[in-house]
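Undergrad: Please find the sequence and the predicted model below.
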Amino acid sequence: MENLTNINVIKEIFERHGFTFSKALGQNFIINPAICPKIAEMGNAKKGFGIIEIGTGVGVLTNELAKRADKVVAVEIDTRLIPILEETLSEYDNVTVINADVMKTDLKAVIEEHFNGLDVAVCANLPYYITSPIIMYLLESRLPIKSVTVMVQKEAGVRLCAKPGSRECGAVTAAVHYYAEPKLLFNVSRGSFMPAPNVDSCVIRLDIRETPPVSVADEKYFFRLVRGAFSQRRKNLANSLSSSMDIPKSDVINAIRASGLSENIRPEQLTLQQFADVSERLSSLI
């Protein structure tokens, strides 16, 4: 179906189906016709690939994905959009829409059922309020996927793509770099959506690593340490870890010094390898 970025076409579809936007679901639908083809092209939508889309809107991105990929499975939580998608995606026989919450969906089972023999990638225009939980769910699930290409709030995208050791780095940043190689692809102005959000957006791609860039004996402890380090950003690393993980400060300082770092170093100054070094020294004390 053409012209799904045309405001008049969208309004006419909405009126026929009695659809109104849900603030609770963070719905901002793309109306800039240049955006979705770029996401599809840069998000591995091509022959030999199956695509999981999270959140469909009226199907603008879904259309572009279906034109390029062998198979598309779109997971949409809003039941009211299902009859709209039956109309806007009617010309494609390679699209399956699942009416579900992606956070409660067994994506490994979805991949096994729908993408036999295909490489798999994720593409999505994510609601701002649940960006990090969805990204971490995708990464922590260790799905057999090649990449995750998502539209997110610009500030969040910059933070997710920041290098560990830089000022913008946070706990999610470090986790993203552990699982993937993130890259900011392009910016998207707020006027590209209906309704227009109060912030600009960007599209990022996370290329999934085959193996993590650092080696840790206890992965759960490593991530607990990273979260603890950033739980009190105004404190230095020693104080944050001692407080959040209930470890004697002297032990933390010894681990930091043994890793070749200053005892006054702040969490955002550490590289992923330095976090791993501190984690290994502290976990050995357990």
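TA: Ah, there it is. Numbering: from 1, shown residues only.

Undergrad: where are the low-confidence patches of the chain?
TA: Residue ranges of the chain with pLDDT under 70: 1-2.

Undergrad: where along it do the helices fall?
TA: All helices of the chain, identified by DSSP state H, fall at 7-17, 35-42, 60-68, 82-88, 107-114, 131-140, 154-161, 171-179, 219-229, 237-245, 249-258, 272-283.

Undergrad: okay, those helices, which one's buried deepest?
TA: Of all those, helix 60-68 carries the top mean neighbour count, a mean of 24, counting by mean count of other CB atoms under 10 Å. All C-beta atoms are positioned from the backbone trio N, CA, C, and that covers glycine.

Undergrad: and for it, what are the contacting residues?
TA: When contacts are defined by CB atoms under 8 Å, 6 or more residues apart in numbering, helix 60-68 is touched by residues 1, 4-5, 29-30, 36-37, 39-41, 43, 45-47, 51, 53, 56, 72, 74, 85, 88-89, 92, 94-95, 123-125.

Undergrad: what does stretch 175-187 give?
TA: 38, 42, 135-136, 139-140, 148-149, 154, 157-158, 160-161, 163-164, 200-209, 212-214, 223, 226, 272.

Undergrad: and it, how far out from the chain's middle?
TA: Here stretch 175-187 shows a centroid-to-chain-centroid distance of 9 Å under the convention CA atoms, centre = their mean, to the nearest Å.

Undergrad: quick one: contacts for the most centrally placed residue in the chain?
TA: Centroid-nearest residue in the chain: Ile135, 3.0 Å away (criterion: CA atoms, centre = their mean). Applying CB under 8 Å, 6+ apart to Ile135 gives the contacts 126, 148, 150, 160, 172, 176, 206.

Undergrad: isn't the fourth one right next to Thr173, touching?
TA: Yes: using CB atoms under 8 Å, Leu160 is in contact with Thr173, at 6.0 Å.

Undergrad: What count of nearby residues applies to the closest residue to Ala66 other than its chain neighbours?
TA: Nearest non-adjacent residue to Ala66, counting by CB to CB, 6 or more residues apart in numbering: Tyr92, 4.3 Å away. Neighbour count of Tyr92, defined by other CB atoms under 10 Å: 16.

Undergrad: Please apply the same query to Thr56.
TA: By the criterion of other CB under 10 Å, Thr56 has 28 neighbours.

Undergrad: I'd like the numbering to begin with 11 instead of 1 from here.
TA: Will do, 11 is the new start, and the previous item becomes Thr66.

Undergrad: Next, the contact list for it, please.
TA: Taking CB under 8 Å, 6+ apart as the test, what Thr66 contacts is 72, 84, 86, 91, 95, 107.

Undergrad: Quick check: the gap between the first one and Glu63.
TA: Thr72 sits 6 Å away from Glu63, going by CB to CB, to the nearest Å.

Undergrad: okay, and the common contacts of the two?
TA: 82, 84.

Undergrad: show me the contacts for the residue nearest to Ala76.
TA: 73, 76, 82.

Undergrad: likewise Thr141?
TA: With CB under 8 Å, 6+ apart, Thr141 has these contacts: 160, 162-163, 166.

Undergrad: do the same with Thr183
TA: By CB under 8 Å, 6+ apart, the neighbours of Thr183 are 169-170, 172, 174.
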